[in-house]
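Trainee: prediction below, plus the sequence it came from.
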Amino acid sequence: MTVVANVKPKQNPVLKLALEMGPTVLFFIVNALYGIFPATAALMAGVVAALVASWLLTRHIPVMPLVTAVVVMVFGALTLLLHDETFIKLKPTIINSLFGAALLGGLAMGKLLLPVVLDTVMRLTEAGWRELTLRWGLFFFFLAALNEIVWRTQSTDFWVSFKLFGTMPITILFALSQVPLILRHEIKDDDAAAELDHW
């Protein structure tokens with residue numbers, strides 16, 4: 001049995017969730033009050049603030065929020081400079097497609113990138129990581145396609161609301177649905193010690 005482990009120190013899950021959801025909540029509130037362009041500027045400020053807060057509190061910047069922040073800054077700047085909301089609406093499509101391609105491409109090349117992308121501290125068997133990587137890779141492409149459908153067929157306000165009240169709950173439900181798989185392939189401390197003793 002091959003053990004694939006991530007040994008980073010554990011991060012407070014409540015803090016992690018707050019840092020990841022904060023910019024989206026801010027985006028929703030500012031859009032409701034002032035419109036999409038001020039909301040875009042607020043989102044750009046929010047993702048940078050979340051990265052700074054993550055570094056100050058944990059001395060660690062997760063990969064997913066970092067990549068997300070870079071894409072937000074690029075597409076947010078295009079949105080504001082060209083005064084075209086299409087760019088910020090494309091942002092989730094680009095981000096989710098990048099993560100999906102990275103996971104499935106890495107899997108095809110024998111690289112397990114999911115622990116890095118999700119910044120997780122779980123310890124799973126290699127088979128477990130492979131199956132979980134496949135599922136998350138396909139799910140990211142599903143989110144990309146869903147974003148395309150929503151922003152191209154619905155109003156801007158609906159799209160903004162869907163990011164908070166649609167995409168996030170769907171992602172949480174998907175993550176929860178993976179718990180049985182995780183439990184089947186989780187490496188306990190005793191199992192890991194036995195594996196090391198074996199070698």
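Mentor: Received the coordinates, thanks.
Trainee: which ones are touching the most centrally placed residue in the chain?
Mentor: In the chain, the centroid-proximal residue (CA atoms, centre = their mean) is residue 64; its distance is 5.2 Å. Going by CB atoms under 8 Å, 6 or more residues apart in numbering, residue 64 touches 99, 117, 118, 119. (Glycine included, C-beta is placed from N, CA and C.)
Trainee: can you pull out the helices in this structure?
Mentor: Listed in chain order, the helices of the chain (DSSP state H) span 13-34, 36-58, 63-82, 86-108, 114-117, 126-153, 156-162, 168-177, 179-185, 189-198.
Trainee: buried ones in the second one, by neighbour count?
Mentor: This points to helix 36-58. 36-37, 39-44, 46-47, 50-51, 54, 58 (16 or more other CB atoms under 10 Å).
Trainee: as a markdown table, these with pLDDT and distance to residue 128 would be great.
Mentor: Shown next, in a markdown table, are the buried residues of helix 36-58 (pLDDT from 0 to 100; distance: CB to CB, whole Å):
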| residue | pLDDT | distance to residue 128 |
| --- | --- | --- |
| 36 | 97 | 41 |
| 37 | 97 | 44 |
| 39 | 97 | 39 |
| 40 | 97 | 39 |
| 41 | 97 | 42 |
| 42 | 97 | 39 |
| 43 | 97 | 35 |
| 44 | 97 | 37 |
| 46 | 95 | 34 |
| 47 | 95 | 31 |
| 50 | 92 | 30 |
| 51 | 92 | 30 |
| 54 | 86 | 27 |
| 58 | 79 | 26 |
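Trainee: closest to residue 167 out of those residues?
Mentor: Ranked by distance to residue 167 (CB to CB), the buried residues of helix 36-58 are led by residue 43 at 14.2 Å.
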